[in-house]
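Enquirer: Take this sequence and fold it.
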Amino acid sequence: MSRPTVDPAFTFGLSLVLSLILSYPTLRNTMNGNMDITDAGTHYFVALALLWAGVYGVLAVVAAFAAQSRRRPTPPPDATRTKPERRHEDAAQEQVEDEVDANAA
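Expert: A predicted model of the protein is given here:
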(Lines give C-alpha, C1' and ligand atoms only; values in the text may rest on other atoms or scores of the structure.)
Protein backbone atom coordinates (compact mmCIF):
# COMPACT_ATOMS: atom_id res chain seq x y z
CA MET A 1 0.00 0.00 0.00
CA SER A 2 1.50 3.33 -1.00
CA ARG A 3 1.03 6.12 1.49
CA PRO A 4 0.98 9.75 0.42
CA THR A 5 4.21 11.35 1.57
CA VAL A 6 5.30 14.87 2.35
CA ASP A 7 8.61 16.20 1.04
CA PRO A 8 10.82 16.58 4.16
CA ALA A 9 13.04 19.25 2.61
CA PHE A 10 10.05 21.42 1.73
CA THR A 11 8.55 20.92 5.19
CA PHE A 12 11.76 21.92 6.94
CA GLY A 13 12.40 24.86 4.60
CA LEU A 14 8.92 26.27 5.07
CA SER A 15 9.06 25.85 8.84
CA LEU A 16 12.53 27.43 8.92
CA VAL A 17 11.32 30.53 7.09
CA LEU A 18 8.21 30.81 9.25
CA SER A 19 10.22 30.41 12.46
CA LEU A 20 12.64 33.14 11.37
CA ILE A 21 9.72 35.48 10.68
CA LEU A 22 8.10 34.60 14.00
CA SER A 23 11.36 34.99 15.98
CA TYR A 24 12.56 38.17 14.28
CA PRO A 25 11.73 40.45 17.25
CA THR A 26 13.54 38.12 19.66
CA LEU A 27 16.60 37.90 17.42
CA ARG A 28 16.62 41.68 16.99
CA ASN A 29 16.52 42.21 20.77
CA THR A 30 19.38 39.75 21.14
CA MET A 31 21.51 41.65 18.61
CA ASN A 32 20.81 44.91 20.50
CA GLY A 33 21.88 43.33 23.80
CA ASN A 34 18.44 43.45 25.39
CA MET A 35 18.07 39.66 25.64
CA ASP A 36 20.34 36.79 26.62
CA ILE A 37 21.57 34.60 23.76
CA THR A 38 20.51 31.42 25.59
CA ASP A 39 16.91 32.63 25.96
CA ALA A 40 16.82 33.71 22.33
CA GLY A 41 18.14 30.34 21.17
CA THR A 42 15.58 28.51 23.27
CA HIS A 43 12.74 30.66 21.90
CA TYR A 44 13.91 30.08 18.34
CA PHE A 45 14.30 26.31 18.82
CA VAL A 46 10.81 25.99 20.33
CA ALA A 47 9.33 28.07 17.51
CA LEU A 48 11.10 25.93 14.90
CA ALA A 49 9.95 22.67 16.49
CA LEU A 50 6.32 23.77 16.83
CA LEU A 51 6.18 25.19 13.33
CA TRP A 52 7.77 22.07 11.85
CA ALA A 53 5.12 19.90 13.51
CA GLY A 54 2.32 22.22 12.36
CA VAL A 55 3.58 22.48 8.79
CA TYR A 56 4.05 18.72 8.60
CA GLY A 57 0.51 18.12 9.87
CA VAL A 58 -1.03 20.51 7.36
CA LEU A 59 1.01 19.11 4.47
CA ALA A 60 0.13 15.52 5.44
CA VAL A 61 -3.58 16.37 5.29
CA VAL A 62 -3.10 18.09 1.92
CA ALA A 63 -1.18 15.07 0.59
CA ALA A 64 -3.94 12.73 1.77
CA PHE A 65 -6.60 14.78 -0.05
CA ALA A 66 -4.44 14.96 -3.16
CA ALA A 67 -4.08 11.17 -3.16
CA GLN A 68 -7.85 10.75 -3.01
CA SER A 69 -8.45 12.92 -6.05
CA ARG A 70 -6.24 10.66 -8.22
CA ARG A 71 -8.71 7.79 -8.07
CA ARG A 72 -10.56 6.92 -11.25
CA PRO A 73 -14.13 8.19 -11.39
CA THR A 74 -16.81 5.58 -11.92
CA PRO A 75 -18.21 5.56 -15.44
CA PRO A 76 -21.73 6.92 -15.86
CA PRO A 77 -24.53 4.44 -16.46
CA ASP A 78 -25.21 3.55 -20.08
CA ALA A 79 -27.81 6.02 -21.38
CA THR A 80 -28.87 3.73 -24.27
CA ARG A 81 -30.60 1.25 -21.96
CA THR A 82 -34.22 2.11 -21.23
CA LYS A 83 -34.96 -0.64 -18.71
CA PRO A 84 -32.64 -2.11 -16.15
CA GLU A 85 -31.58 -5.66 -16.88
CA ARG A 86 -33.66 -8.33 -15.17
CA ARG A 87 -32.47 -11.38 -13.36
CA HIS A 88 -33.40 -14.71 -14.89
CA GLU A 89 -35.75 -15.52 -12.00
CA ASP A 90 -37.54 -12.16 -12.31
CA ALA A 91 -38.09 -12.68 -16.04
CA ALA A 92 -39.54 -16.15 -15.41
CA GLN A 93 -41.84 -14.80 -12.68
CA GLU A 94 -43.03 -11.98 -14.96
CA GLN A 95 -43.80 -14.49 -17.72
CA VAL A 96 -45.87 -16.61 -15.29
CA GLU A 97 -47.79 -13.53 -14.15
CA ASP A 98 -48.52 -12.56 -17.77
CA GLU A 99 -49.88 -16.07 -18.45
CA VAL A 100 -52.10 -15.94 -15.34
CA ASP A 101 -53.47 -12.54 -16.37
CA ALA A 102 -54.13 -13.81 -19.91
CA ASN A 103 -56.02 -16.85 -18.57
CA ALA A 104 -58.09 -14.73 -16.16
CA ALA A 105 -59.45 -12.58 -19.00
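
Enquirer: Show me the shaky parts of this protein.
Expert: Applying pLDDT under 70 to the chain flags residues 1-4, 69-73, 75-105.

Enquirer: In it, where's the longest helix?
Expert: Counting by DSSP state H, the longest helix found in the chain is helix 37-69.

Enquirer: So for it, what gets flagged as buried?
Expert: Applying a neighbour-count criterion of 16 or more other CB atoms under 10 Å, the buried positions in helix 37-69 are Ala40, His43, Tyr44, Ala47, Leu48, Leu51, Trp52, Val55, Tyr56, Leu59. Backbone N, C-alpha and C define where each C-beta goes, glycine included.

Enquirer: Name the SS class of Met35, please.
Expert: Per DSSP: H, G, I helix; E, B strand; the rest coil, the secondary structure class of Met35 is coil.

Enquirer: Phi and psi next, for it.
Expert: For Met35, the backbone dihedrals are phi -140, psi 150 (criterion: degrees, to the nearest 10).

Enquirer: nearest residue to it other than its sequence neighbours?
Expert: Among residues not flanking Met35 along the chain, Asn29 sits closest, at 4.3 Å (CB to CB, 6 or more residues apart in numbering).

Enquirer: Looks like that neighbour contacts Asp36 (just checking).
Expert: No - Asn29 is beyond contact range of Asp36, at 9.8 Å (criterion: CB atoms under 8 Å).
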